[in-house]
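1. after the sequence you'll find the predicted model.
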Amino acid sequence: MPIPIVDSHIHLFPQTHLSTLAWHGPDNPLGAQHSIDEYRAATQSVPTSPDQTAPSTSASSTYLRGFVFLETDRISSLDENDAARGWTHALDELSLLTRIVLGEPIPGEGHQPEDRSLCLGIVPWAPVPAGPDALARYMSLAKQRARTDEVWKKVRGVRYLLQDKPAGTMFAPGFIDGLKWLGRQKLVFDLGVDARQGGLWQLREAVEMMQKVYDESKEEERVVFVINHLCKPNLRLPYSSPESITTHPDFIEWKTLITAMAAHPTTYMKLSGALSELPPLSPTPEPDIDALVDRLQPWTDAVFDAFGPERVLFGSDWPVCNIGGGGNTVSWQRWRTIVEAVLDRRGLTDDQKAGVWGGVAVKAYGLEI
């Protein structure tokens, strides 16, 4: 049977929403429409049904079942009443996803009624550091925006990006209590930190924060952490051999820290984001996949050693992957091919591969497919 791919990490935003994105500026390479129409174009090398015939460029053993949407860092504030920022843009984003799931596109949004089956999970922004009361208020408003149980049951967790926040954010009492509240509500927290550009201190704080949350929560109420993008390691370290990486102090500390994260059984790691951290690829010619897998192997081996294949899940980080991966026509398929080679080289069984491609995402997020 063909294996369903669950792309555990994509972003969607119509061009009309660009002004509401905190990172948008006139020269940003993602400053254009990135809707399901563009996502379908990026993934066209893979069937979207087990009954379809795979194109010649794709292995016939997998098909794209759907995706988990991650919030896109809208202009926002922890304070609902902040007139300049507030919660409006983040809630508007959930309204966009509601229209996608219900098959009710607005002209220009770039999705069709038949796309509704692709959205398997939604992870919106939420004001986690504001604490449980603010979180409960926000999620109540989010449920109103979802409109129907069909949409609301797809909201599987939340994200509050930490990669651009000041030191100490993760230790604030409101943040710790907010995470414990999420655990009681059976909502996942997507953890986004950045070792390469933000610094390894972010991972150190994350390890300490996760231990505190874990220690202070009842076993049945512990929040599930889904860590984004391998913690964005420094994949641009000078590479000459595996030893040139495995002996580097940055790698050694990154490995130590992700291993500490993996000590908590309710923690998962996304095999995603690497195309943004590697030296950029050009649209043509096609890259040497074996050489890329060689370069990644110290890092991917460390992830599989720490988490095991039962807690590693595939994600594309589309459309961010386009920036370093060579553009929309090639990036998604390149990353899929790299991951396929990583899993082969790791010697995973067919069942373990099926887990990485989709089964682990189903378990971590509690998806229905």
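-> Perfect, thanks for sending it.
2. give me the number of residues near Pro50?
-> For Pro50, the neighbour count with other CB atoms under 10 Å is 12. All C-beta atoms are positioned from the backbone trio N, CA, C, and that covers glycine.
3. correction: Ala262
-> Taking other CB under 10 Å as the criterion, the count of residues near Ala262 is 20.
4. cool, the one 4 residues further on as well?
-> Other residues near Thr266 come to 18 when the count uses other CB under 10 Å.
5. report the distance from the host helix or strand of Phe69 to the chain centre.
-> Assigned by DSSP states H and E, Phe69 belongs to strand 62-70. Its chain's average C-alpha position is 12 Å from that of strand 62-70, according to CA atoms, centre = their mean, to the nearest Å.
6. again, but for stretch 246-264
-> Distance of stretch 246-264 from its chain centroid, counting by CA atoms, centre = their mean, is 20 Å.
7. that one - what's its average pLDDT?
-> The average pLDDT for stretch 246-264 rounds to 98.
8. shift numbering so it begins at 44
-> Happy to do that; since the first residue is 44 now, the last one works out to stretch 289-307.
9. what's next to that stretch, contact-wise?
-> When contacts are defined by CB atoms under 8 Å, 6 or more residues apart in numbering, stretch 289-307 is touched by residues 238, 243, 246-247, 249-250, 253-254, 257, 265, 268, 270, 273-274, 276-277, 280, 288, 310, 312, 341-342, 345-346, 348-350, 354.
10. nearest residue to Leu161 other than its sequence neighbours?
-> The spatial neighbour of Leu161 that comes closest, neighbours along the chain excluded (CB to CB, 6 or more residues apart in numbering), is Gly109 at 4.4 Å.
11. what's around the one you found, how many residues?
-> 22.
12. so who does it touch?
-> 49-50, 160-163, 412.
13. let's see it at 10 Å
-> Residues in contact with Gly109, defined by CB atoms under 10 Å, 6 or more residues apart in numbering, are 47-50, 53, 91, 158-164, 401, 404, 410, 412.
14. quick check on these: which are buried?
-> 47-50, 53, 91, 158-159, 161-164, 401, 404, 410 (16 or more other CB atoms under 10 Å).
15. list phi and psi for Gly217.
-> For Gly217, the backbone dihedrals (degrees, to the nearest 10) come out as phi -60, psi -40.
16. now it: closest residue in space, sequence neighbours ignored.
-> The spatial neighbour of Gly217 that comes closest, neighbours along the chain excluded (CB to CB, 6+ apart), is Gly174 at 3.6 Å.
17. unless I'm mixing things up, the one you found is touching Gly221, no?
-> Yes: taking contact to mean CB atoms under 10 Å, the distance of 5.4 Å between Gly174 and Gly221 places them in contact.
18. overlap of the contact sets of these two?
-> With contacts taken as CB under 10 Å, 6+ apart, Gly174 and Gly221 have Ala215 as neighbours in common.
19. so if I had to pick from these two, which one is more boxed in?
-> Each of Gly174 and Gly221 has its neighbours counted (other CB under 10 Å); Gly221 has more, 27 against 18.
20. hey, where'd the helices end up in this protein?
-> Taking DSSP state H to define them, one finds helices in the chain at 79-85, 131-145, 175-189, 192-195, 216-227, 244-258, 285-289, 292-305, 317-320, 332-350, 364-368, 374-389, 393-397, 403-408.
21. need these in a markdown table (columns: distance to Ser62).
-> Written out in a markdown table, the entries for these read as follows (distance: least, CB to CB, whole Å):
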| stretch | distance to Ser62 |
| --- | --- |
| helix 79-85 | 19 |
| helix 131-145 | 9 |
| helix 175-189 | 20 |
| helix 192-195 | 25 |
| helix 216-227 | 28 |
| helix 244-258 | 28 |
| helix 285-289 | 41 |
| helix 292-305 | 36 |
| helix 317-320 | 23 |
| helix 332-350 | 36 |
| helix 364-368 | 20 |
| helix 374-389 | 25 |
| helix 393-397 | 41 |
| helix 403-408 | 30 |
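22. can I get stretch 333-340 as PDB, trimmed to CA atoms?
-> The C-alpha atoms that make up stretch 333-340 are tabulated as PDB, following Å, rounded to 0.1, in the frame of the first residue of the first chain:
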ATOM      1  CA  ASP A 333      24.200  12.100  -1.900                       C
ATOM      2  CA  ALA A 334      26.500  15.000  -1.000                       C
ATOM      3  CA  LEU A 335      23.700  16.800   0.800                       C
ATOM      4  CA  VAL A 336      22.800  13.700   2.700                       C
ATOM      5  CA  ASP A 337      26.500  13.300   3.600                       C
ATOM      6  CA  ARG A 338      26.600  16.900   4.900                       C
ATOM      7  CA  LEU A 339      23.400  16.400   6.900                       C
ATOM      8  CA  GLN A 340      24.100  12.900   8.300                       C
END
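23. contacts for it?
-> Outside of stretch 333-340, the residues within contact range by CB under 10 Å, 6+ apart are 273, 276, 278-280, 282, 284-285, 288-289, 314, 317-318, 320-322, 324, 331, 343, 346, 377-378, 380-385, 387-389.
24. pull out the buried residues from those residues.
-> In terms of neighbour count (16+ other CB under 10 Å), the buried residues within those are 273, 276, 278, 280, 282, 288, 314, 317-318, 320-321, 324, 343, 346, 377-378, 380-385, 389.
25. and for Leu134, nearest residue in space, chain neighbours not counted?
-> Closest residue in space to Leu134, ignoring its immediate chain neighbours: Arg188 at 5.2 Å, by CB to CB, 6+ apart.
26. sounds good, over and out.
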